[in-house]
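>>> model the following, please.
(4 chains)
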Amino acid sequence: MDVKEIIARRVAQEVREGMLVNLGIGLPSMVASFVPDDMHVFFQAENGVIGLGSRPPEGMEDRDLTDAGGGFVTAVPGAASIDSAMSFGLIRGGHLDMTVLGGLQVDEKGYLANWMVPGKMVPGMGGAMDLVTGAKRVIVAMVHTQKGKSKIVPECTLPLTADRRVSLIVTEMAVIEPTDDGLVLRERGPGVSVEDVQGATEAALVVHGEVPEMALG
Amino acid sequence: MDVKEIIARRVAQEVREGMLVNLGIGLPSMVASFVPDDMHVFFQAENGVIGLGSRPPEGMEDRDLTDAGGGFVTAVPGAASIDSAMSFGLIRGGHLDMTVLGGLQVDEKGYLANWMVPGKMVPGMGGAMDLVTGAKRVIVAMVHTQKGKSKIVPECTLPLTADRRVSLIVTEMAVIEPTDDGLVLRERGPGVSVEDVQGATEAALVVHGEVPEMALG
Amino acid sequence: MKQRALKPEEAAELIPEGAVLLIGGFMGVGSPHRLIDAIAARGVGGLTVVANDTCRPGQGIGKLVDAGLVAKAIVSHIGLNPEAQRRMIAGEMEIELVPQGTLVERIRAGGVGLGGVLTHTGVGTLVAEGKQIIEIDGRKYLLEKPIRGDFALIDARQADYVGNLEYTLTAHNFNPIMALAADTVIAEPHHIMPVGVISPDAVKTPGVLVDYLLERAQ
Amino acid sequence: MKQRALKPEEAAELIPEGAVLLIGGFMGVGSPHRLIDAIAARGVGGLTVVANDTCRPGQGIGKLVDAGLVAKAIVSHIGLNPEAQRRMIAGEMEIELVPQGTLVERIRAGGVGLGGVLTHTGVGTLVAEGKQIIEIDGRKYLLEKPIRGDFALIDARQADYVGNLEYTLTAHNFNPIMALAADTVIAEPHHIMPVGVISPDAVKTPGVLVDYLLERAQ
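Next up is the predicted model:
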């Protein structure tokens, strides 16, 4: 299984019946395909639709219906159009059950850095700061290492996205939950040992007893 | 001419082409009937409609279309429904060209008191404080005296509605403009002399030269 | 949406003694009347009611006042309800008067996660008493606190079964804002449509905000 | 509404050197494209642009950046516009990055007469630098200042000749909020209908906010 598919499939297991979920662009957007239709989940795109559907058939694209990455989408039955004030009102006001975002770094406090690399890449934070501040659950979906370097670090060296501890980190190697006691290793990736995870992780991990392998079905 | 009609007719002369105007309940609401249709004025009711029309024919009332006093109204062509956040956003945000309200007292600074009589009548300020704070022009439409006592006083003894100087006071006896130099008497009521106005007014009035009589057409 | 549409008496059962209720409506227009009737009939007391006004005796929110169920009202106006005035003066009901525009923004702030409202409305008046004043670029503003409810009880013209809501004319008033600001939102629509037939552009309150719908009147 | 609908070039003539423009759109979706083209063609410079993003080179707001007309951009995102990034690094264009939810609330505050926005978003990050922090009931909030424009340039699905506006799907975005917050509002509707045929309930921006409409595309 492809690294990204492992992550997307595992994140999809966090989704519960009837949730309102925001998926970031790139890897996080893949999560939608692994959430069963009968869970009645509504996907929000922060640019203005609740009830985001999959890509339309060729020739049926509409230039006024896109996701936050600018890709053409459809609207599911029961969808609602919202303006940016309502969209971020829902996000900041705690009405969003879950957001899934990419990460550059997460640290032992569970703080996320995902919006700039000083002196290099300054794309802007877009909606990320509001999403991490306001969503009920914040899930970071990212590959475990970048050019051999751990993205899970003792303390973020890149600028933080928010002063809030994220709910869960999902990589192809591990599911990690930031807690008061530190980063708890909840699951191992397919065919990966606890030692493998620790070896690839710069931050200290807390291991309680047996750590199960992800059950990706 | 009836006292209230004098006031309403004179206030109507303050209305300009294309304005957005809010009329308070009671006397101020009479102003609408003296504004010509071809001035393309939109009347706002703060409870949620822009483009308030006159009372509907009997049997054509709708319980979901009323003015701020609860009376049945119609909507003119080009009307818009708004919620209370938009309604008061327009009011506080300076989008309302004119508001006409009743008054209990106005003083020499041009401050208005119109929402409570301590120990007696405490109806609540409703939208009055926002209207007086936010409208571009605030016109106080009221009878000149209450039980023989002047309502235009050196300093309000009743609780103020806002810390903002109103634009104009219109009574059956006078049109008075609060300015840096005090309350300037601009016009006399029909058949009323400057001495009559001064005699009925507790506050000091500033009189510049000849004071014309209201031209009520 | 948590389940099928409820009967008014089932919805009233959800509301405990002492709950904070945001109730839509402006002098009864756009109030959830069947829901109010069911709450009055059940007689659960000690309520805090946040609303534009207390309506009139025997009408809308006035029925909850008449029945003595309201311990506190946070409203902009009680002038047309002599019973509310009487109870206030007799000390039987606490009244917090809030300028109408400030009231709706305080509820919105509670709903959209803002720390408060900075408004000039009320500066230099009794409304400013005891409140923090913040000066920004030379103008004074009152810091007004957010308001949230345990329940929002709102009226709507039309819903679908995911809870999307449309409103009409002057029956909008506080309803769309209150739908943002309560732990549990109960909507009383005049009509309920199948899912998928309301245009996304016509929806003013997305269904994700609505927990329960009231059944249509029989 | 001040007069008949304008041609794009007539509308562009209204905008002076150095104006502050609020421009609707999210990566070009819901941007007033014909108006942007006319401004780029006229070449009036020194503009401050307030918008969600700088779009892409050669598209939407990106055309104003390409033409070197933008002195400053207040936006949430420039990541898909390498030309904007290049100009920022070269010091040719000032960029103020604002979290998207804060940006829309700052514009709303400017439009509805609030003194500022109190948001927790940005606390503990670079965004908080130099800003006043206000603690309310034990939680910290940034005091973010209102934003207003000299002009709001917005896209709409449909208008009538009093200026009432409807929007559609993800082309709403910043447009309805920007319509509140500029001295002069110019709307570019895809259709213009006779007065009286749009339901009051469908109107999302009341015509009293709109100063000029653009003629329909030929």
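>>> now tell me what touches the helix or strand of chain C with the lowest mean pLDDT from outside.
Counting by mean pLDDT, DSSP states H and E, chain C has its least confident helix or strand at helix C:82-89, which shows a mean of 94. Helix C:82-89 has contacts (C-beta atoms under 8 Å, 6 or more residues apart in numbering or on different chains) with B:122-123, C:54, C:57, C:62, C:65-66, C:73, C:78-79, C:93-95. To be clear about C-beta, it is placed using only N, CA and C from the backbone, and glycine gets the same treatment.
>>> equivalent analysis for stretch C:44-51, please.
Taking C-beta under 8 Å, 6+ apart as the rule, stretch C:44-51 contacts C:12, C:15-25, C:61, C:64, C:68-75, C:103, C:107, C:147, C:149, C:174.
>>> could you pull out the buried residues of it?
C:44, C:47-51 (16 or more other C-beta atoms under 10 Å in any protein chain shown).
>>> quick one: mean pLDDT over stretch C:148-158.
The average pLDDT for stretch C:148-158 rounds to 98.
>>> nearest to chain A among the contacts of helix C:82-89?
Of all the contacts of helix C:82-89, the one with the least separation from chain A (C-beta to the nearest C-beta) is residue C:73, at 24.4 Å.
>>> bridged to the nearest residue to the closest one once chain neighbours are set aside, which residues?
Computed as C-beta to C-beta, 6 or more residues apart in numbering or on different chains, the closest residue to residue C:73 that is not its neighbour in sequence is residue C:49, at 4.9 Å. For residue C:49, the beta-bridge partners under DSSP bridges are residue C:21, residue C:73.
>>> pLDDT score assigned to residue C:49?
Residue C:49 is assigned 98 on the pLDDT scale.
>>> residues contacting the closest residue to residue C:33 other than its chain neighbours?
With C-beta to C-beta, 6+ apart as the measure, residue C:60 is the residue that lies nearest to residue C:33, at 6.4 Å, once sequence neighbours are left out. Residues near residue C:60 by C-beta under 8 Å, 6+ apart: C:25, C:27-28, C:31, C:33, C:36.
>>> which element is the spatially most central residue of chain A on?
Closest residue to the average C-alpha location of chain A: residue A:100 at 2.3 Å, with C-alpha atoms, centre = their mean. Secondary structure from DSSP states H and E places residue A:100 in strand A:98-101.
>>> that strand pairs with which strands, and in what direction?
strand A:20-23 (parallel), strand A:137-141 (parallel).
>>> how about residues contacting the longest one?
What that stands for is strand A:137-141. Strand A:137-141 is contacted from outside by A:7-8, A:11, A:14, A:24, A:27-28, A:31, A:97-103, A:106, A:112, A:114, A:131-132, A:164, A:166-171, using C-beta under 8 Å, 6+ apart.
>>> same question, stretch C:34-41
With C-beta under 8 Å, 6+ apart, stretch C:34-41 has contacts from C:8-9, C:11-12, C:15, C:23, C:60-61, C:63-64, C:66-67, C:69, C:153, C:186, C:188, C:214, C:217.
>>> make a ChimeraX selection of the buried ones in the residues you listed.
The buried subset of these, as determined by 16+ other C-beta under 10 Å, is captured in ChimeraX by this line:
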select /C:8,11,12,15,23,60,61,63,64,66,67,69,153,186,188,214
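>>> quick one: contacts for residue A:78?
Contacts here follow C-beta under 8 Å, 6+ apart; on that basis residue A:78 touches A:42, A:51, C:160-162, C:164, C:195-196, C:207.
>>> which SS state does it fall under?
Assigned by DSSP: H, G, I helix; E, B strand; the rest coil, the conformation of residue A:78 is strand.
>>> residue most distant from the centroid, chain A?
residue A:59 (30.7 Å).
>>> which SS state does it fall under?
Under three-state DSSP, residue A:59 comes out as coil.
>>> for chain C, which helix is longest?
The residue-count maximum for a helix in chain C (DSSP state H) belongs to helix C:100-112.
>>> how far off helix D:100-112 does it point, in degrees?
170 degrees (axes from the mean of the first three to the mean of the last three C-alpha atoms, to 10 degrees).
>>> what are the contacting residues of the helix or strand that helix C:100-112 is followed by?
On the C-terminal side of helix C:100-112, the closest following helix or strand by DSSP H and E is strand C:114-119. Outside strand C:114-119, the residues that touch it by C-beta under 8 Å, 6+ apart are A:92, B:92, C:101-102, C:105-106, C:108-109, C:134, C:136, C:141-146, D:105, D:109, D:113-120, D:134, D:136, D:139, D:141.
>>> check whether the first helix or strand past strand C:114-119 going along the chain contacts chain B.
Moving toward the C-terminus from strand C:114-119, the next helix or strand (DSSP H and E) is strand C:133-136. No: Strand C:133-136 lies apart from chain B when judged by C-beta under 8 Å from any C-beta of the partner chain; the minimum separation is 11.6 Å.
>>> pull the number of nearby residues for residue 167.
Using chain A here. 17 (other C-beta atoms under 10 Å in any protein chain shown).
>>> try again with chain C
By other C-beta under 10 Å, the residues close to residue C:167 number 26.
>>> list the contacts of stretch C:173-181.
A:89, A:93, A:95, B:47-48, B:83-85, C:22-26, C:29-30, C:51-52, C:104, C:107-108, C:110-112, C:146-149, C:152, C:154-156, C:165, C:167, C:185, C:187, C:204-205, C:209-210.
>>> one more time with 7 Å
A:89, A:93, B:47-48, B:83-85, C:22, C:24-26, C:30, C:51-52, C:104, C:107-108, C:110-112, C:147-149, C:152, C:154-156, C:167, C:185, C:204-205, C:209-210 (C-beta atoms under 7 Å, 6 or more residues apart in numbering or on different chains).
>>> can you give the distance from that stretch to the centre of its chain?
With C-alpha atoms, centre = their mean, to the nearest Å as the basis, stretch C:173-181 stands 7 Å off its chain's centre.
>>> what residues of that stretch count as buried?
Residues of stretch C:173-181 classed as buried: C:173-181 (neighbour count, 16+ other C-beta under 10 Å).
>>> can you redo the residues you listed as CSV with pLDDT and secondary structure?
Output for the buried residues of stretch C:173-181, formatted as CSV (pLDDT from 0 to 100; DSSP: H, G, I helix; E, B strand; the rest coil):
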residue, pLDDT, secondary structure
C:173, 98, strand
C:174, 98, coil
C:175, 98, helix
C:176, 98, helix
C:177, 98, helix
C:178, 98, helix
C:179, 98, coil
C:180, 98, coil
C:181, 98, coil
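>>> want to throw these into a markdown table with distance to residue B:160?
As requested, those are exported to a markdown table (distance: C-beta to C-beta, whole Å):
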| residue | distance to residue B:160 |
| --- | --- |
| C:173 | 27 |
| C:174 | 26 |
| C:175 | 32 |
| C:176 | 32 |
| C:177 | 28 |
| C:178 | 30 |
| C:179 | 34 |
| C:180 | 32 |
| C:181 | 30 |
